[in-house]
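>>> sharing a sequence plus its predicted fold:
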Amino acid sequence: MKNQWRISPQRQPPKAMIRISGYVLLLLLLIMPLSSQARELSSQQSSNNEAVGLLAFKISFVQSDPKNLLANWSPNSATPCSWSGISCSVNSHVTTLNLTNAGLIGTLNLYNLTGALPYLKHLYLQGNSFSASDLSASSCVLESLDLSSNNISDPLPRKSFLSLAITSLMLISLTIPFLVVPFDLNLNLLNFSDNKLAGKLAVTPLSCNSLSILDLSQNLFSGEIPPSFVADSPSLKYLDLSHNNFSASFSSLDFGHCSNLTWLSLSQNRLSGIGFPVSLRNCVLLQTLNLSRNELQFKIPGALLGELNEFKAAVSGSQSSLNLGNNLLSGDFLTTVVSNLQSLIYLYVPFNNITGTVPLSLANCTQLQVLDLSSNGFMGDVPSKLCSSSNPTALQKLLLADNYLSGKVPSELGSCKNLRSIDLSFNNLIGPIPLEVWTLPNLLDLVMWANNLTGEIPEGICVNGGNLETLILNNNLITGSIPQSIGNCTNMIWVSLSSNRLTGEIPAGIGNLVNLAVLQMGNNSLTGKIPPEIGNCRSLIWLDLNSNNLSGPLPPELADQAGLVVPGIVSGKEFAFVRNEGGTSCRGAGGLVEFQGIRAGRLENLPMVHSCPTTRIYSGMTVYTFITNGSMIFLDLAYNSLSGTIPQNFGSMSYLQVLNLGHNKLGGNIPDSFGGLKAIGVLDLSHNDLQGFLPGSLGTLSFLSDLDVSNNNLTGPIPSGGQLTTFPQSRYENNSGLCGVPLLPCSSGGHPQSFTTRGKKQSVEEGVVIGITFFVLCLFGLTLALYRVKRYQRKEEQREKYIDSLPTSGSSSWKLSGVPEPLSINIATFEKPLRKLTFAHLLEATNGFSADSLIGEKRSHGILDPELMTQKSGEAELYQYLRIAFECLEDRPFRRPTMIQVMAMFKELQVDSESDILDGFSLKDASIDEFREKESSS
């Protein structure tokens, strides 16, 4: 019985369990299909809601879609997962919206967008033009947010995620497109760079508890950086506040512990001071430090940088960089500190006040790839032991331009087998360039202009060494001929050998250089003909062969590339253009020089600056203004012995800005096709044997600022249209048959151009007006004499009262009354240097020569300060300008000069023009660095 009791209880529970399990299983089988259907319906409903939200974004917030990227966003689609820019999960939920560089214009409401897309993890809207209306996020699943290169400006909308705690956000990126963040995407990043935010930083990013990357660069922030801005964010690894207007004392910044900071950039601000923040030594993991382009003027303490461990010991994958350029730094820290930073890869210290010799101990930085010490005060020799066979280095760029180095170029540089760029320009180097340098296997850029180098360019370049891209050796004493092997330099984009002592012929192989954009060989002793093969250089925009002994005809092939030049070959190159403005007393139109790493003041010692009575120096970055179908923009073949005629197809170079063919032996007629030079600014055909008429088509050249056809055999009238009659007589002299303004009038046997019709009509109209006026005055003179006398007396009384109240000559403006709309001559207009005063300034000063500004019978200059008329300085020149203005205000119309005569008088006073003649190869942020005029007596 017990056994049965024992057994019985053991068997009954399994039966009960099986029975219960069966019920549960049956219930699950009934429920599971229903649950699956519910989830599917829920997913479809969610997908439909997301589609509705995306369509609402397109309709309500996108104002323009120029690329039609959103064209397939249609309400007829079953799911948005197939739409452009959309990626979905396996459950058909939108997880990524990528509209990068779509060119969209609109307003961003982040709250609505993230609310409609609850599963959105990645949002990429960079490269558009969105402004912000609401930047608060309704979802916490966002991992990536990229709003770079948009139009987000200050003030930020009241609702912004910046005011929220975004501890769950993994990546927020408003970066510039080329910014590469060297960290994993699971690190928190807050980046507002490349927008238009302004104001001051008044808070610290404490709300982002795990913030690792903070980038506020490329904005308009100003004021001081909060002292504890970095110290209050100990988790920061990457901090970029560059390209703003912060103006603080660098020593006042508190870096706190900064134990995680590895990348710090404060460049291009207005930081100043003579101290260095001691707390920076706590940033022991710092790999990149950029303090360039500020106003720092202290000596860097060696002990401080010496404690930055990551600069001392090599770390796998690290990119150690130290940039202290464009400050006022001095001291010996290169010897005491930098030489011991063995893992340093990039060292930039240009444009400072460091003196002494270049430290040989820099050879200890065996991983150094870039060494830039340009524009300092270094003296002595170029260091010869930066590389050696026993101590190989990774050095790729050696930049020592604009110092005071002397001696020879060391042949030991040939041991730097990784060298790609060498720039030793603007020093006092002598001797030949060693063959070991010419044969460097990876050499791309050899730049050593403005020295005293001698020797020859060896045959075999680009064969026994690297395939050069840049060869700039102008303003030296190099002799010999140009090697035939230059035709093997198929990657060459810039060749400048001007102002040397080169002889022989120009190699025809240059025609193989399809990437060549700049070719300068002027001021040498080259002979022979200009190779027509140069026309095969489809990228050539600058050709300067002036002041040689070249002969033969002008090759029409030079214009073959017109309409074929594609921009971009030399975009972004830093350059200076020395423009000659002394007319025929200057040899050539000017010179283009590579200008990276050179102080503007050093150009004062350049011979080309002193070769002309008047020169201007422009500097900037090369920017093409044509998008496609371009042409040459600078062609200077002056001071040679070229003969024959000017090819008709030269007129097809529609982007040509400077054409100088003066001082040759060219004959024939000036091509009528020159009317196609729509962008021409300087045209010099002087001192040739040209014959025939001046083409009337030249009168259509609206940008022509400098024309010289003197010393030819031209005949006929000067076309009176356009700018031709505004140039001084000297630009037409010694052409016995030329006549018309500004020369003597043409005789009855002349052949006026159609452009003179307007002038004739004007003369006839003036004659009719004078005749009628004289007849009316004779008829009514006696009867109205008494009335006119009384009226004249009343005017004189009013005028005398006003003149008595005029301020002295030192006042800022004179107001000559007596008419309803008085003339205002703002003397501030003439406060600019008189040599830069243009016809536009004269129009401004005289209210466009308004006829309403007449002041009666008395000549206007009668009220000028007598001292103005007796000064021999710049004020006398000012008087001449005012005299022209007052002649235009003569109350008797027949005594007023015509506009053409005014322009001619004005150009007699000032020949130079402020118009930029390099629009096709324009100056980005162009500035005149120096204007120098020689005294006539010197």
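Done, it's in. Numbering: from 1, shown residues only.

>>> pLDDT at Leu211, what is it?
For Leu211, the model assigns a pLDDT of 74.

>>> what's the neighbour count on it?
24 (other CB atoms under 10 Å). No exception for glycine: its C-beta is placed from N, CA and C like everyone else's.

>>> how about His610?
Around His610 there are 12 residues (other CB under 10 Å).

>>> what helix or strand does Gly380 sit in?
Following DSSP states H and E, one finds Gly380 within strand 377-381.

>>> what residues does the very next helix or strand once past that strand touch?
Next along the chain after strand 377-381, taking DSSP H and E as the criterion, comes strand 397-399. Where contact means CB atoms under 8 Å, 6 or more residues apart in numbering, the residues beyond strand 397-399 that reach it are 350, 369-374, 386, 413, 416, 419-424, 597.

>>> I'd like the average pLDDT over the helix or strand that comes right after strand 397-399.
Downstream of strand 397-399, the first helix or strand assigned by DSSP H and E is strand 404-408. Computed over strand 404-408, the mean pLDDT rounds to 96.

>>> helix or strand next in line after strand 404-408, which one?
Toward the C-terminus, strand 404-408 is succeeded by strand 421-423 as the next helix or strand (DSSP H and E).

>>> can you list contacts of whichever helix or strand comes after that next one?
Using DSSP H and E, the next helix or strand after strand 421-423 towards the C-terminus is strand 428-431. Residues from elsewhere that reach strand 428-431 (CB under 8 Å, 6+ apart): 382, 404-409, 448, 451-455.

>>> just want the phi and psi numbers for Phe883.
Quick fix: residue 883 reads Arg, not Phe. Taking degrees, to the nearest 10, you get phi -60, psi -40 for the backbone angles of Arg883.

>>> mind checking how far it is from Gln729?
19 Å (CB to CB, to the nearest Å).

>>> any low-confidence regions in the stretch 301-450 of the chain?
301-319, 389-392 (pLDDT under 70).

>>> do me a favour and get the end-to-end distance for stretch 718-734?
14 Å (CA to CA, to the nearest Å).

>>> ok now do the closest residue in space to Ala559 that isn't next to it in sequence, which residues does it touch?
The shortest distance from Ala559 to any non-neighbouring residue, by CB to CB, 6 or more residues apart in numbering, is to Asn649 (4.5 Å). Residues in contact with Asn649 (CB under 8 Å, 6+ apart) are Pro556, Ala559, Asp560, Ala562, Ser673.

>>> now Cys586
Asn580, Ser611, Cys612, Pro613.

>>> coming back round to it: greatest separation within the contacts of strand 428-431: which pair is it?
Using CB to CB, these span at most 21.8 Å, a distance reached by Tyr404 and Gly455.

>>> can you give me the helices for the chain?
2-61, 110-116, 302-306, 309-312, 333-336, 435-438, 607-610, 757-780, 785-804, 839-845, 866-870, 874-887, 899-909 (DSSP state H).

>>> which helices and strands does the second one pack with?
Using 3 or more CB pairs under 8 Å, 6 or more residues apart in numbering; DSSP states H and E, the elements in contact with helix 110-116 are helix 2-61, strand 129-134.

>>> mean pLDDT lowest for which of those?
helix 2-61 - the lowest mean pLDDT of the helices and strands packed on helix 110-116, at a mean of 56.

>>> if we can go back for a sec, now neighbour count too, for the contacts of Asn649, in JSON lines please.
Compiled in JSON lines, the contacts of Asn649 are given as follows (neighbours: other CB atoms under 10 Å):
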{"residue": "Pro556", "neighbour count": "15"}
{"residue": "Ala559", "neighbour count": "21"}
{"residue": "Asp560", "neighbour count": "17"}
{"residue": "Ala562", "neighbour count": "21"}
{"residue": "Ser673", "neighbour count": "16"}
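
>>> ok, so of those, who is nearest Leu545?
Using CB to CB, the contacts of Asn649 come closest to Leu545 at Ala559, 15.1 Å.

>>> tell me who's in contact with that closest one.
Neighbours of Ala559 in contact, by CB under 8 Å, 6+ apart: Gly535, Ser631, Met632, Pro647, Asn649, Phe650, Ser652, Met653.

>>> correct me, but the second one touches Val565?
Yep, that's Ser631 we're talking about. Yes: the criterion here is CB atoms under 8 Å, and Ser631 meets it with Val565 at 5.8 Å.

>>> mutual contacts of the two, please.
With CB under 8 Å, 6+ apart as the test, Ser631 and Val565 both reach Ile541, Tyr655.

>>> the spatially closest residue to Leu104 that is not a sequence neighbour and Leu399, how far apart?
Nearest residue to Leu104 in three dimensions, chain neighbours excluded: Asn128, at 4.4 Å (CB to CB, 6+ apart). Separation of Asn128 from Leu399 (CB to CB): 38 Å.

>>> from Leu253, how far out is Gly275?
10 Å.

>>> of those two, who's got more company?
Leu253 (22 against 12).

>>> the residue nearest to that one when sequence neighbours are not counted: neighbour count?
Using CB to CB, 6+ apart and skipping the chain neighbours, the partner closest in space to Leu253 is Pro277 (5.0 Å). Pro277 has 19 neighbours, counted by other CB under 10 Å.

>>> ok, Gly522 next?
29.

>>> OK, contacts around it?
Ser498, Ser499, Asp544, Leu545, Asn546, Ser547, Asn548, Gly588, Gly591, Asp636.

>>> change it to 6 Å
Ser498, Asp544, Leu545, Asn546, Ser547, Gly588 (CB atoms under 6 Å, 6 or more residues apart in numbering).

>>> in this protein, where is pLDDT below threshold?
Using pLDDT under 70, the chain drops low at 1-47, 136-140, 154-188, 202-210, 298-319, 389-392, 582-585, 748-881, 886, 889-938.
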